[in-house]
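> Just to be clear, the model below is a prediction. Sequence and coordinates:
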Amino acid sequence: MSELRGVGIGLGVAQGPVVRMTEAMPAPDETPSSIGAEAERARVREAISVVAQELTARGETAGGSAQEVLEAQAMIAEDPTLQDEVDGRIDAGATAERAVHDAFAGFRATLEAVGGYLGERAADLDDIAQRVLARLRGVDAPGVPDPGHPFVLVARDLAPADTALLDLDKVLALITVDGGPTSHTAILAREKGIVAIVGVADGFTLANGDTVIVDAAAGVVTVDPTADEKDRAAQRAAARMSADAAPLTPGALADGTPIALLANLGKPADAADAVERGAEGVGLFRTEFLFLSSSQAPTIAQQRESYRELLEAFPGKKVVVRMLDAGADKPLAFLNDAHEENPALGLRGIRALRASEDILREQLTALAEADAQTDADLWVMAPMVATVEETVYFTTLARDYGLKTAGVMVEVPASALLADRVLAHADFASIGTNDLTQYTMAADRMLGSVAGLQDPWHPAVLRLVREVGDAGSRLGKPVGICGEAAADPMLAVVLVGLGATSLSMAPSALADVRHTLSERTLDEARSLAQVALAADDAAGARKAVADATAALSPHQKETTS
Ligand code: PEP
Ligand code: MG
């Protein structure tokens with residue numbers, strides 16, 4: 001028995017035999033073209049157009065965000081710059097195959113050099129190149145194998161086109177060697193509820209037919225598990241299915257303490273799904289997602305319509321809207337125009353908004369107008385707040401616009417450490433654990449090589465959360481969590497024990513978190529929080545809490561049965 005580690009996506013667990021993805025086609029040789037440039041160009045045009053149509057068709061079949069991803073891929077395939085690159089190589093004598101291979105490889109290298117979000121798009125390019133090459137060679141595109149029985153798929157990385165159409169009756173789980181938590185594979189796996197672990201560096205030590213348990217919650221692949229381990233995994237999978245089917249009650253601990261379970265959303269169209277999954281409101285609406293591709297600031301009217309649509313989906317419910325969080329991995333052309341060496345430490349979030357105060361004012365105007373037209377309980381908050389002065393600046397401005405509940409995101413250690421001073425002015429705090437972890441651990445959240453440090457279980461991060469929780473309870477102000485940490489059920493309990501009063505997450509995580517919270521009292525959550533705080537590192541905290549929880553379970557069952 002051995003274990004491999006990676007970044008788990010979602011909380012599922014699955015087991016089965018490994019089947020490895022078919023390897024990519026070999027690179028075409030360098031023999032010059034024998035049919036001439038014009039004929040080679042025509043072949044490329046035909047191949048690219050067929051591949052783009054196929055991608056679009058797959059997107060239509062898959063729907064949802066997979067469709068957006070595949071449409072974007074179809075556009076990349078037909079990108080004129082890329083075509084110019086291919087043509088240039090053909091004009092220099094290359095075959096269509098060689099020209100496509102080299103041009104895509106050049107583009108890939110450029111994306112990888114940029115790194116971050118764009119770097120993680122490199123796998124998308126490889127897939128398009130392979131599809132075009134397969135078409136040129138008249139063979140089937142490499143893809144997901146079909147061994148005729150359910151299996152755990154092991155791949156270097158999965159192309160969006162493959163992830164989107166995975167047959168979930170056959171693919172029990174997914175293990176990828178490459179890819180970080182923000183790769184398309186991860187995003188689509190999360191959305192489709194596929195049990196997945198990405199970035200498993202030793203994944204290729206797995207051979208076809210090996211039996212594995214894929215534990216996404218722990219980020220661990222167990223190879224050749226014992227009968228006992230298989231039984232426990234099967235029990236967990238069954239418990240998870242029953243959590244999914246459980247009634248959509250409001251979030252509460254075993255002793256009845258209410259913990260509102262809210263949704264993280266990026267566009268109003270996703271509100272219906274959140275409501276269906278029992279979200280009690282919205283804990284984070286990422287407004288910048290609406291405008292990532294805009295070159296100009298959106299108008300007040302445009303914004304008002306989007307906000308109105310969002311608020312209308314949650315009558316009488318809390319909806320926390322975050323002001324544009326531009327910069328670093330989410331640059332907005334109209335807010336971040338200067339080059340920065342370290343954009344994560346630059347003019348980001350509230351800093352960028354302050355530098356373009358007219359845009360902030362327009363956003364507040366649009367929100368106030370949408371608020372006046374709807375019945376939701378609108379709260380607004382500023383991202384990346386680092387100082388008390390920024391807190392006063394934002395909350396005063398928001399209230400000037402008639403927005404009655406104004407708070408801040410705690411994502412920078414400075415504002416966590418001064419939480420009592422920050423909360424003296426803000427109506428609430430919402431802790432963004434993704435950035436709080438990045439800044440506490442000095443580990444870029446987009447960089448796979450430091451992913452091990454990007455772990456919100458780290459006691460250093462948890463101590464900062466405790467500062468905010470304590471300040472909130474002393475001052476009687478709500479403290480929410482809206483980073484990915486809230487979607488980890490065991491960590492969610494710890495965060496509540498540290499003082500969080502609400503949890504906001506991707507809607508697909510709501511059922512698991514609702515179920516886990518319902519098994520613990522507030523006293524237990526507090527004692528588990530102490531266990532986590534006392535650990536040396538993230539892995540230690542996770543293990544200590546898992547062990548302490550296992551010790552609590554029999555007592556819980558006795559008292560609740
Ligand atoms: C966070 O940083 O935890 C957060 C919720 O904001 P975002 O992920 O959008 O930066
Ligand atoms: Mg953030």
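Structure received. Ligands and ions are numbered 1, 2, ... in the order given.
> Go through the chain and flag its longest strand.
The single longest strand within the chain, with elements called by DSSP state E, is strand 13-20.
> Who are the packing partners of it?
Applying 3 or more CB pairs under 8 Å, 6 or more residues apart in numbering; DSSP states H and E, one finds that strand 13-20 makes contact with strand 151-155, strand 171-176, strand 211-215, helix 227-245. (Glycine included, C-beta is placed from N, CA and C.)
> Now do it and helix 227-245, the angle between them.
Using axes from the mean of the first three to the mean of the last three CA atoms, to 10 degrees, one finds that strand 13-20 and helix 227-245 are set 110 degrees apart in direction.
> the inter-axis angle of strand 13-20 versus strand 211-215?
Going by the same axes, to 10 degrees, strand 13-20 makes 130 degrees with strand 211-215.
> So which bits of this protein are right by ligand 1?
Residues of the chain lying near ligand 1 by CB under 6 Å from any ligand atom: 284, 286, 325, 411, 432-435, 482-483.
> go with 8 Å
264, 284, 286, 288, 322, 325, 329-330, 383, 409, 411, 430-438, 445, 482-485 (CB under 8 Å from any ligand atom).
> So residue 298, which state does it fall into?
Three-state call for residue 298 (DSSP: H, G, I helix; E, B strand; the rest coil): coil.
> I'd assumed residue 292 was in contact with it.
No. Using CB atoms under 8 Å, residue 298 is not in contact with residue 292; the gap is 11.2 Å.
> between the two, which one's more packed in?
residue 298 (21 against 14; other CB atoms under 10 Å).
> Contacts only, for the residue nearest to the more buried one when sequence neighbours are not counted.
Distance criterion CB to CB, 6 or more residues apart in numbering; nearest residue to residue 298, sequence neighbours excluded, is residue 291 at 5.3 Å. The neighbours of residue 291, taking CB atoms under 8 Å, 6 or more residues apart in numbering as the test, are 297-298, 324, 332, 334.
> If you count contacts, what does the longest helix seen in the chain end up packed against?
For the chain, the longest helix by residue count, based on DSSP state H, is helix 37-62. With contacts defined as 3+ CB pairs under 8 Å, 6+ apart, helix 37-62 has these neighbours: helix 64-77, helix 80-91, helix 96-114, helix 122-137, helix 160-164.
> Take these and write them to TSV, including mean pLDDT.
Below are the helices and strands packed on helix 37-62 laid out as TSV (pLDDT from 0 to 100):
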stretch	mean pLDDT
helix 64-77	82
helix 80-91	92
helix 96-114	87
helix 122-137	86
helix 160-164	72
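> and these, which is most packed in?
Ranked by mean neighbour count, these are led by helix 160-164 with a mean of 26 (mean count of other CB atoms under 10 Å).
> Which residues belonging to stretch 335-347 are considered buried?
335-336, 343-344, 346-347 (16 or more other CB atoms under 10 Å).
> Closest to ligand 1 out of the residues you listed?
residue 344 (10.0 Å; CB to the nearest ligand atom).
> Got the confidence number for the closest one?
If you check residue 344, the pLDDT there is 91.
> okay, now the nearest residue to it once chain neighbours are set aside: neighbour count?
Nearest non-adjacent residue to residue 344, counting by CB to CB, 6+ apart: residue 328, 4.2 Å away. Neighbourhood size, residue 328 [other CB under 10 Å]: 24.
> OK, contacts around residue 328?
Contact partners of residue 328, counting by CB under 8 Å, 6+ apart, are 343-344, 346, 348.
> switch to 6 Å and redo it
Residue 328 is in contact with 343-344, 348, counting by CB atoms under 6 Å, 6 or more residues apart in numbering.
> Any idea which of the helices and strands packed on strand 13-20 gets closest to ligand 2?
Evaluated with CB to the ion, those place strand 171-176 nearest to ligand 2, the distance being 25.0 Å.
> Pairing partners for that closest one, with directions?
strand 151-155 (parallel), strand 196-198 (parallel) (DSSP bridges).
> Where does the prediction get shaky in this structure?
1, 115-120, 160, 180-184, 448, 553-561 (pLDDT under 70).
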